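>>> fold the following, please.
(2 chains)
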Amino acid sequence: MNAIIAQPDDSLAQLDNLATLAQDVIHRCRAAGASDAEVGASIDTGLSVNVRLGEVETVEHNRDRAFGVTVYFGQRKGSASTADLAPDSIAKTIEQACAIAKYTEADPYAGLADPARLARVFPDLDLWHPWNLDAQGAIGLGIEIEDAGRALDGISNSDGASIQSGGSLGVYANSQGFVGRERGTRHSLSCSLIAQDGNGMQRDYWYESERAAGDFPDAASIGARAAQRTLARRGARKLDTRACPVLFAPEVARGLIGHLVSAVSGGALYRKASFLVDHAGKNLFPGFVQIVERPHIPRGQASANFDNEGVATADSDLVRAGILERYVLGSYSARRLGLASTGNAGGIHNLIVEPGADDFTGMLKKLGTGLLVTEVMGQGVSIVTGDYSRGAAGFWVENGTIAYPVEEITIASNLREMFAGIAAIGADVDRRSHIITGSILIDKMTVAGS
Amino acid sequence: MTILAQVERQLLQPGGFSSTDLERVFGQLMGPSIDAADLYFQHSRSESWVLEDGIVREGNHSIEQGVGVRAMSGEKTGFAYSDEIVLPQLLSAAQSARAIARSGNPGAGHALAAREAKALYAPVDPVESLANEDKIALLREVDKFARSLDPCIAQVIVSLTATLDTVLVAAADGTLAADVRPLVRMNVSVIAERNGRRESGNAGGGGRYGYKELLANGRAHAFAREAVRAALVNLDSIPAPAGTMTVVLGPGWPGVLLHEAIGHGFEGDFNRKGTSAFAGRLGEKVASPLCTVVDDGTLPNRRGSLSIDDEGVPGECTTLVENGVLKGYMQDKLNARLMGMRSTGNGRRESFAHLPMPRMTNTYMLPGKSDPDEIIASVERGLYAVNFGGGQVDITNGKFVFSASEAYLIENGKVTRPVKGATLIGSGPEVLTRVSMVGNDLKLDEGVGVCGKDGQSVPVGVGQPTLRIDAMTVGGTAA
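Numbering: from 1, shown residues only, chains lettered A, B, ... in the order given. Modelled structure (predicted):
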């Protein structure tokens, strides 16, 4: 196997090149008659390796470039993008954006962000940690992870282990003079294993994701955890249809908070496509629930100094003492709602649900007799109505102890009732995503089965 | 000029080379331990227009192009790509891709031989098929029409998208083939509001043609009417039932059942690896004898159709299940070679920057003999589901879900009240054994499907006649 030649880290120079290009394009848009313009440009590079049954399966090298421009002619706007940064293509892209703006209609809310809110300081958030890993090294690591899982008695087959390592460079610039540069690395290790039981096969997986490879736990522990999760699903049964309390394990609990974010996002609100229209300042959760945004956590999964429009990100409460304190807004939706941007164009930056006192075992005790959900399936959540109905798998719990695995069931309720019915939040925090939460116990849901 | 010559000129000429230079690249790619290798050149152009609140406020145009280079040795695949179609980048990507094989001298593939497949769609650029003024006028007209249908309609979003994909495949097995693939889609989504209650409705469709074909026969207005109708029905819906019951699925898009319950489980990669619940079950009974299911990439102008797949193999109609018996898997070249089978023209990739995999095209069940009314009349108590959001499957344990967005109670053989959306869950290897009636009303979907697998999205189609399934779990809240 040939090694990848370790490149010297020229990321800062590449960012400067992207910034120069972005500023040049903005000048050219202005010269073409645009009253305003904004540009996003990025370069992503990475290595992805899959091993299966002790052998390498795929080695993929990627390098993706993207360049997008939006022009404003007064309140009319047009956008165009290209993956090709050659001068010819850039020129064509500017032309296309301007041509489109001739056909779109004046939108009184269109435009760049409020210049007073653009980021001015750019502290180092410690997000850039290239991993000096070649394909051979990645293959070795993958085999180590998978072997550790396959060593467990009962693992009969494997979907493989995968190693991904990548870096992103991004620049956002606009005609108000803003130029923001960001760079970040992201590495992940995962493993998916299969076990046989009387009814067929079960599969489960585990993964870790970090900004710096040095922060990973012992590689073997990832394979072992994937194996334990898979083995625990053997002999899964259906449940009878019933109503009972439901404990969402941390890896699925973050989905519930994700639904909250969708429902309080500007786009859903101004379209009146959310069950939480007009709910700012209202009680959604029990009083112990606190949810805060912390965009500047060093090495955080979604840390950033500015959002997709250059607006400065800031620490802020989303839910305080159970009350929805604000919405999640970019400039456009903020103007539509008569509010100010919350620095969330493009999404949320590290949303933290304040953990409670109980670890996972303590949360099982709090659940008592009910359903522990470790996997949800399908898209059955309506942000318009809050109606929730999804496929699920997990474990039936009796008196605080796991009794047996369950599958082929659904869980259903309405998000409004589920949020109000949160009985406890665990200290078993999962930090692998932009939403950071422990397990969440809901007092009652309908479980449908046989 | 043939499609191949035209595509060669478009994709290769700007970089200063032609298909004869590709043999040099294969010289670099091939070696004693490399079994197969291919190059995939692509140029993709797309546009989208969005109307919201009565004004066309967004328009976007995008261009992507590049070449993907793949080398395979046994079960191993090396892959690299470049967004510049020039020889030095191509040779360097080839070097990275072939590093998958440990050693050996460069070798040679077969001489490239042009392969022409029957074109299933016209090589038109849909972006150019209608003047921009007319696209804007159309969006406005549909918006006005949707709002005129009912005073409860509070919000209307109408979108138009068009893509032209131009691809050239060259492989060390001698394949040299090209395809020009148009794809258009329109979507209408509305919010209805009455007495403080809000519900949404969606409708849309499209296929491999230009805008004019999309708009023929008043289809745009029909989408608006359908979206409004669905939203109004849902304003009257009551909580869905919970538990196991008889389910009748309407014709067309509910065929997403087949895509999830059996389709993915019949893809070659999962079966080669023994990770599918259907692995090793060729020739076994997996459905009721009433069921015959095919994956058909050869339907003219359909969203999921392919004149050639992304490995240069002409699209085929593959029988998956015949009278209840598992007849065949869907294969790409890699998995076919490793399983001693032949490719069925199901090798697909999202773009040049992704590896091909076995994927579905248009998956549907052939019609049966029952009258749809007779199927509903046969059910004492159950659910009649006519429209769905998406679905998902765990191919290893076979459990799958799909979420109804429009459904009704069946009481004493009659369709009665509408119920809220609910997820249906079942087991792929079991669900089709419970099909007790198959309608004579086969319908294909309107052309909206997107299938995701391993992070790659491709357009697909589904279809089926009305089906009666004797027992499925319905995930409502009303016990």
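>>> quick check: residues of the stretch 151-300 of chain B near chain A?
Contact residues (CB under 8 Å from any CB of the partner chain) of the stretch 151-300 of chain B with chain A: B:154-155, B:157, B:191, B:193, B:198-200, B:240, B:242-244, B:273-275, B:277. In this view, the C-beta of every residue, glycine as well, is placed from N, C-alpha and C.
>>> pull out the buried members of the residues you listed.
For these, a burial check counting by 16 or more other CB atoms under 10 Å in any protein chain shown picks out B:154-155, B:157, B:191, B:193, B:198-200, B:240, B:242-244, B:273, B:275, B:277.
>>> which ones among those residues map onto strands?
B:154, B:155, B:157, B:191, B:193, B:198, B:199, B:200, B:242, B:243, B:244 (DSSP state E).
>>> in chain A, where is pLDDT below threshold?
A:1-7 (pLDDT under 70).
>>> repeat that for the stretch 101-250 of chain B.
By pLDDT under 70, the weakly predicted segments of the stretch 101-250 of chain B are B:102-109.
>>> how about a cut-off of 90?
B:101-117 (pLDDT under 90).
>>> that one: strands as residue ranges?
If DSSP state E, counting those that start in this stretch is used as the criterion, the strands of the stretch 101-250 of chain B fall at B:113-114, B:153-171, B:175-194, B:197-207, B:242-249.
>>> please identify the helix or strand for residue B:415.
Taking DSSP states H and E as the definition, residue B:415 sits inside strand B:414-419.
>>> any part of that strand near chain A?
No. On the criterion CB under 8 Å from any CB, strand B:414-419 is out of touch with chain A, staying 10.6 Å away.
>>> ok and that strand relative to strand B:242-249, angle-wise?
120 degrees (axes from the mean of the first three to the mean of the last three CA atoms, to 10 degrees).
>>> tell me, how many residues neighbour the residue of the stretch 351-479 of chain B found nearest chain A?
The nearest approach of the stretch 351-479 of chain B to chain A comes at residue B:475, 2.6 Å away (CB to the nearest CB). The local packing of residue B:475 (other CB atoms under 10 Å in any protein chain shown) involves 32 other residues.
>>> from residue A:188, how far off is the residue lying closest to it once chain neighbours are set aside?
Using CB to CB, 6 or more residues apart in numbering or on different chains and skipping residues adjacent in sequence, the residue nearest residue B:475 is residue A:410, 2.6 Å away. With distances taken as CB to CB, to the nearest Å, residue A:410 is found 30 Å from residue A:188.
>>> would you tell me which of the strands of the stretch 101-250 of chain B gets closest to residue A:72?
Comparing those by their distance to residue A:72 (CB to CB), the top pick is strand B:153-171, with 20.9 Å.
>>> give me the sheet partners of the closest one and which way each runs.
According to DSSP bridges, strand B:153-171 has the following sheet partners: strand B:36-52 (antiparallel), strand B:175-194 (antiparallel).
>>> turn the ones you listed into CSV, columns for distance to residue B:259.
Formatted as CSV, those follow (distance: least, CB to CB, whole Å):
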stretch, distance to residue B:259
strand B:36-52, 24
strand B:175-194, 18
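>>> and the pLDDT for the spatially closest residue to residue B:209 that is not a sequence neighbour?
Closest residue in space to residue B:209, ignoring its immediate chain neighbours: residue B:301 at 5.3 Å, by CB to CB, 6+ apart. Residue B:301 is assigned a predicted lDDT (pLDDT) of 97.
>>> go on, residue B:1?
In the prediction, the pLDDT value recorded for residue B:1 is 70.
>>> residue A:130 should be in a strand, yeah?
No. With DSSP: H, G, I helix; E, B strand; the rest coil as the criterion, residue A:130 is coil rather than part of a strand.
>>> that one and residue A:10 touch, don't they?
No. Judged on CB atoms under 8 Å, residue A:130 makes no contact with residue A:10 at a distance of 10.8 Å.
>>> so for these two, which residue has more residues nearby?
Counted by other CB under 10 Å, residue A:130 and residue A:10 do not tie: residue A:130 has more neighbours, with 18 against 10.
>>> need phi/psi at residue A:146.
Taking degrees, to the nearest 10, you get phi -70, psi -40 for the backbone angles of residue A:146.
>>> got the residues of the stretch 301-450 of chain B near chain A?
B:353, B:355, B:389-392, B:394, B:396-403, B:420-423, B:425-427, B:429.
>>> show me which of the residues you listed are buried.
Neighbour-count burial (16+ other CB under 10 Å) applied to those gives B:353, B:355, B:389-392, B:394, B:396-403, B:420-423, B:425-427, B:429.
>>> re earlier: from the residues of the stretch 301-450 of chain B next to chain A, which ones fall inside strands?
B:389-392, B:399-403, B:422-423, B:425-427.
>>> neighbours of the closest residue to residue A:433 other than its chain neighbours, how many?
In space, and not counting its chain neighbours, residue A:433 is closest to residue A:254: 5.5 Å by CB to CB, 6+ apart. Using other CB under 10 Å, residue A:254 has 21 neighbouring residues.
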